[in-house]
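# Mind looking at a prediction? Sequence and model below.
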Amino acid sequence: MTFVALKCPFYGSDRVRKNGLNNGKQRYKCKDAACSHQTFYAEYTYNAYKPAVKSSILKLSVNGNGTRAISRCLSIHKDTVTAA
């Protein structure tokens with residue numbers, strides 16, 4: 001059995017523990033109380049769920065890019081950009 005050091009993608013803390021399964025994927029929980037998102041996945045099924053992509057959507061929309069331009073740049077669907 002190998003140990004993989006996992007960090008919270010939102011807070012950056014290494015105080016992480018397993019928190020059950022959802023749709024066959026392992027869910028993790030950040031144990032720091034200051035973390036804004038308590039649960040996360042190590043691997044996401046869709047690119048749009050990654051925290052880095054969500055922050056990119058926000059940055060591009062603040063800079064005045066349209067929904068369709070953002071979806072082309074990030075290779076995600078335009079409805080996903082609108083919902084984020």
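Great, that's in hand. Numbers count the residues shown, from 1 in each chain.
# From here on, just use CA atoms for contacts and neighbour counts.
Fine.
# what's the domain layout of this protein?
With domains defined by automatic domain parsing, the chain comprises 1-43, 44-84.
# would TSV of these with mean pLDDT and mean neighbour count be doable?
Compiled in TSV, those are given as follows (pLDDT from 0 to 100; neighbours: other C-alpha atoms under 10 Å):
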stretch	mean pLDDT	mean neighbour count
domain 1-43	85	13
domain 44-84	87	14
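# For this protein, which segments count as helices?
For the chain, the helices defined by DSSP state H cover 51-62, 67-74, 78-83.
# Nearest approach to residue 42 belongs to which of these?
helix 51-62 (11.3 Å; C-alpha to C-alpha).
# name the helices or strands packed onto the closest one?
Counting contacts by 3 or more C-alpha pairs under 8 Å, 6 or more residues apart in numbering; DSSP states H and E, helix 51-62 is packed against helix 67-74.
# From the chain's centroid, how far away is the helix it packs on?
The chain centre lies 18 Å from the centre of helix 67-74; the measure is C-alpha atoms, centre = their mean, to the nearest Å.
# Check stretch 39-50 too.
Distance of stretch 39-50 from its chain centroid, counting by C-alpha atoms, centre = their mean, is 5 Å.
# Check stretch 23-36 too.
Between the centre of stretch 23-36 and the centre of its host chain there is 11 Å, according to C-alpha atoms, centre = their mean.
# what does that stretch rub up against?
8, 10-11, 13-21, 37-42 (C-alpha atoms under 8 Å, 6 or more residues apart in numbering).
# Narrow these to those in strands?
16, 17, 18, 19, 20, 21, 39, 40, 41 (DSSP state E).
# Lovely, talk soon.
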